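Engineer: My questions concern the predicted model and sequence given below.
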Amino acid sequence: MALRRAGLLTLLAVAGANDIDLVWEKTTSRKFQATISIDPALKIGDQLALTTYAIPNDGRLRPVLLCFYTRSCGGLLESLDAAGHHDWFTANINGKVAARFLKWLKQPEIFRALHIDTERIAMIGYSMGGIQAGAAAKIEPVRGMIYLNSGNHNFFGAVRPYADYLIITGLEQKTGWVDGNAKLKTQIEAAGAYVQKLDLPGVNHVNWRKEKTLIFNTITNFLVERVQQKGQRANTTMMTTTSTTTALTRACLKACEGRFLTCCENRRNDGMDAVQSYSACERRVRDGSDWWRNVAECEPQCHFTDAMKAWPASICSATCESKFLKCCANRRQDGMEGEQAFSECERRLRHGGLWWRNEAQCEPQCDFTNLMESQMRWSRP
C-alpha cells in the first residue's frame, strides 16, 4: 500500500514488509531522506523520516540514532560521515511514545524493511527528551543511550541487556541535574553496565553548544565504539523480505551456554553481585571476541537459552531492590542507624509476607544485589 508524493515514498507502516520499498530523495548534495507515514492506530506518531548519507542498496542492516527533542542529529550525522562512518540513519521521534515506538521498530517485518539493525539502536535526548528516551531504554533495551543535559532519577527497574550510557552534564545547571546525574552514574556502574560521563564546567542547561566540538567528538566516538562496532553482526546480511533471516533467530549453542554459566559463577567468586556477573559475561558474548566465538561457540547475536536468561534464578528483582532501598531509607528517617535499618528490612523481606512478595516481587531467599548489601554499611554524613 504505497503512495508517491513529491518524490518521496509514503506508506502505511502497518502494511506487510513486502509493501515497503523505500524511495530516497536528495535533500543536500549528498544527504538523502525517506519519509514514511505511520498508521495513526499505532499511536506512535504520524511520520518517520530516515536520513542518511549512504542509501541502503547492499542488503545490510544499519545502525540508527533516534533523536528526542534535539536538533543536534543533523550535525552528528555529518560528524559520523566525516569520520568515515557513512551507514548511519538518523530519525527524530516523539519522546512520549519512545517505548512503544521501539517495540514497533523491533518487529522483524519492520526493521528488515527499513534496513535498521535492532542490535545497533542508539538514542539521544536533550532535557525532557532524555528523560523520556532514558525511561524507554530501561524497558525496551537499546545498544546506546545518550543524555544531553538530561538524565533519569534512578536506574532501578532497568531490564537486561543494559544499554551503554553516555551522560553529558553542564555543571552550571541546577543541582538537581548535576547531583542527580552523578548519582545515576553510580547506580549504572553498580548494576554492571557501561557508563561514560562528560562534565562541562561553565555550561548551563541551554548553552551546551559553546562546547559543541567537544560534545560532538565525544558522542561520535561513543556511537562508533560502543554502538556501531560493539553491535556489529559478524558476516550477517539482511535477507529479502520473503525469506528467513536465520542469523536473527539462532539460539546459542550448548557449548556457549556452558561457558556463559561458568563465567557467571567465576565472576561471583571474584566478588561481583549477581547482576554485575550476568552483565559482565553477557557483554563478553555480545562483543563477539575471537576467544568466545572459537572456544565457546558463541555467536555475538545468538538468542540466550532459558538457562542463560534465568541465571541466577534467585537474584532479587530490580523492583525488590528498589523497595528494599526505600525501606532502609525510611527506617533511617525513623532514627535507626544503617546496620539496624538493614537488619529490620532484611527481616521483613526474609519473612516473606504477602506484601513483600506481591508488591515488591521479593522472594524470601533471593540473593541481595550490591546496592542492597551496601545499606548495611551506610553511615550518617
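Structural biologist: Yes, it's here. Numbering: from 1, shown residues only.

Engineer: tell me the mean pLDDT for stretch 36-50?
Structural biologist: Across stretch 36-50, the average pLDDT comes to 85.

Engineer: Also stretch 209-227?
Structural biologist: In the prediction, stretch 209-227 has an average pLDDT of 94.

Engineer: Please apply the same query to stretch 168-183.
Structural biologist: Computed over stretch 168-183, the average pLDDT equals 92.

Engineer: end to end, how far does it reach?
Structural biologist: One end of stretch 168-183 to the other measures 14 Å (C-alpha to C-alpha, to the nearest Å).

Engineer: Sheet-wise, list the partners of the biggest strand by length in the chain with their directions.
Structural biologist: Looking across the chain with DSSP state E, the single longest strand is strand 116-126. Each strand paired with strand 116-126, and its direction, by DSSP bridges: strand 62-68 (parallel), strand 144-148 (parallel).

Engineer: Mean neighbour count and distance to residue 160 for the ones you listed - can I get that in CSV?
Structural biologist: (Glycine included, C-beta is placed from N, CA and C.) Formatted as CSV, the strands paired with strand 116-126 follow (neighbours: other C-beta atoms under 10 Å; distance: least, C-beta to C-beta, whole Å):
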stretch, mean neighbour count, distance to residue 160
strand 62-68, 25, 20
strand 144-148, 28, 14
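
Engineer: any chance of these in CSV, with mean pLDDT and distance to residue 123 too?
Structural biologist: Formatted as CSV, these follow (pLDDT from 0 to 100; distance: least, C-beta to C-beta, whole Å):
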stretch, mean pLDDT, distance to residue 123
strand 62-68, 95, 5
strand 144-148, 97, 5
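
Engineer: Columns distance to residue 170 on top of these, output as TSV?
Structural biologist: Converted to TSV, those look like this (distance: least, C-beta to C-beta, whole Å):
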stretch	distance to residue 170
strand 62-68	18
strand 144-148	9
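
Engineer: ranges for the helices of the stretch 1-150 of the chain?
Structural biologist: 73-82, 98-105, 108-114, 128-139 (DSSP state H, counting those that start in this stretch).

Engineer: Kindly report the same for the stretch 201-350 of the chain.
Structural biologist: Taking DSSP H, counting those that start in this stretch, the helices of the stretch 201-350 of the chain run over residues 212-222, 254-269, 274-287, 290-295, 306-309, 318-333, 338-351.

Engineer: which of those helices is buried the deepest?
Structural biologist: Greatest average neighbour count among those goes to helix 274-287 (a mean of 21), per mean count of other C-beta atoms under 10 Å.

Engineer: Specify the angle between that helix and helix 318-333 in degrees.
Structural biologist: Here the directions of helix 274-287 and helix 318-333 differ by 140 degrees (axes from the mean of the first three to the mean of the last three C-alpha atoms, to 10 degrees).

Engineer: Give me the packing partners of helix 274-287, helices and strands only.
Structural biologist: Judged by 3 or more C-beta pairs under 8 Å, 6 or more residues apart in numbering; DSSP states H and E, the packing partners of helix 274-287 are helix 254-269.

Engineer: other SSEs contacting the helix it packs on?
Structural biologist: Using 3+ C-beta pairs under 8 Å, 6+ apart, helix 254-269 sits against helix 274-287, helix 290-295, helix 306-309.

Engineer: Now the weakest link among those helices, please, by mean pLDDT.
Structural biologist: Looking at the helices and strands packed on helix 254-269, the weakest mean confidence is helix 290-295, a mean of 60.

Engineer: Can you convert the helices of the stretch 1-150 of the chain into JSON lines and add a column each for mean neighbour count?
Structural biologist: Formatted as JSON lines, those follow (neighbours: other C-beta atoms under 10 Å):
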{"stretch": "helix 73-82", "mean neighbour count": "18"}
{"stretch": "helix 98-105", "mean neighbour count": "20"}
{"stretch": "helix 108-114", "mean neighbour count": "19"}
{"stretch": "helix 128-139", "mean neighbour count": "22"}
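
Engineer: Let me have those in TSV, adding distance to residue 335 and mean pLDDT as columns.
Structural biologist: As requested, those are exported to TSV (distance: least, C-beta to C-beta, whole Å; pLDDT from 0 to 100):
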stretch	distance to residue 335	mean pLDDT
helix 73-82	51	93
helix 98-105	40	91
helix 108-114	54	87
helix 128-139	34	93
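
Engineer: No further queries at this time; thank you.
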